[in-house]
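> Here is the input, now give the coordinates:
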Amino acid sequence: MSILFTVAVAMYSVDAVLFGLLAYFYGKTALSTRAKYPLGLFVFSMLLFLQSAGTAASYVIFGGYIGEDVVPSMVTMATFEFVGIMALLRITL
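Residues are numbered from 1 along each chain as shown. As a prediction, the model looks like this:
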């Protein structure tokens, strides 16, 4: 595994943690207000959490089958996702 591959796995793991944090705040808001909108945000963030955690896990499990040409794209997508999550966290908190 290359350094960039390790960075991609780490970025998707961080993304999963941040989506979990968003889900916590949205779930807390949904329970306290009984509003449907934060409930929808909770479901959305949980699905994105599962996607990010699943991506990180599949990179670790199937890392030997992934070609080195794909790794820069993996890091780029994880970085874009991270920037988007940080924007959501900034707005939410």
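
> packing partners for the host helix or strand of S45?
Per DSSP states H and E, S45 falls inside helix 36-61. The elements that helix 36-61 packs onto, with contact taken as 3 or more Cβ pairs under 8 Å, 6 or more residues apart in numbering; DSSP states H and E, are helix 3-33. C-betas here are computed from N, CA, C, even on glycine.

> how about the helix or strand following the helix holding S45: buried residues?
Note on helix 36-61: by DSSP H and E, the next helix or strand toward the C-terminus is helix 71-92. Within helix 71-92, the residues that count as buried by 16 or more other Cβ atoms under 10 Å are 71, 74-75, 78, 81-82, 85, 88.

> Out of those residues, flag the one nearest to F44.
L88 (10.1 Å; Cβ to Cβ).

> Verify the stated contact: that closest one with A23.
No: if you go by Cβ atoms under 8 Å, L88 and A23 don't touch, sitting 11.2 Å apart.

> Between the buried residues of helix 71-92, which sits nearest V60?
M74 (12.3 Å).

> What sits closest to that closest one if chain neighbours are left out?
Closest residue to M74 apart from its sequence neighbours, by Cβ to Cβ, 6 or more residues apart in numbering: A8 at 4.0 Å.

> Could you export the buried residues of helix 71-92 to JSON lines, including columns for distance to D15?
Listed next are the buried residues of helix 71-92 as JSON lines, based on distance: Cβ to Cβ, whole Å:
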{"residue": "V71", "distance to D15": "17"}
{"residue": "M74", "distance to D15": "12"}
{"residue": "V75", "distance to D15": "12"}
{"residue": "A78", "distance to D15": "6"}
{"residue": "E81", "distance to D15": "5"}
{"residue": "F82", "distance to D15": "6"}
{"residue": "I85", "distance to D15": "6"}
{"residue": "L88", "distance to D15": "11"}
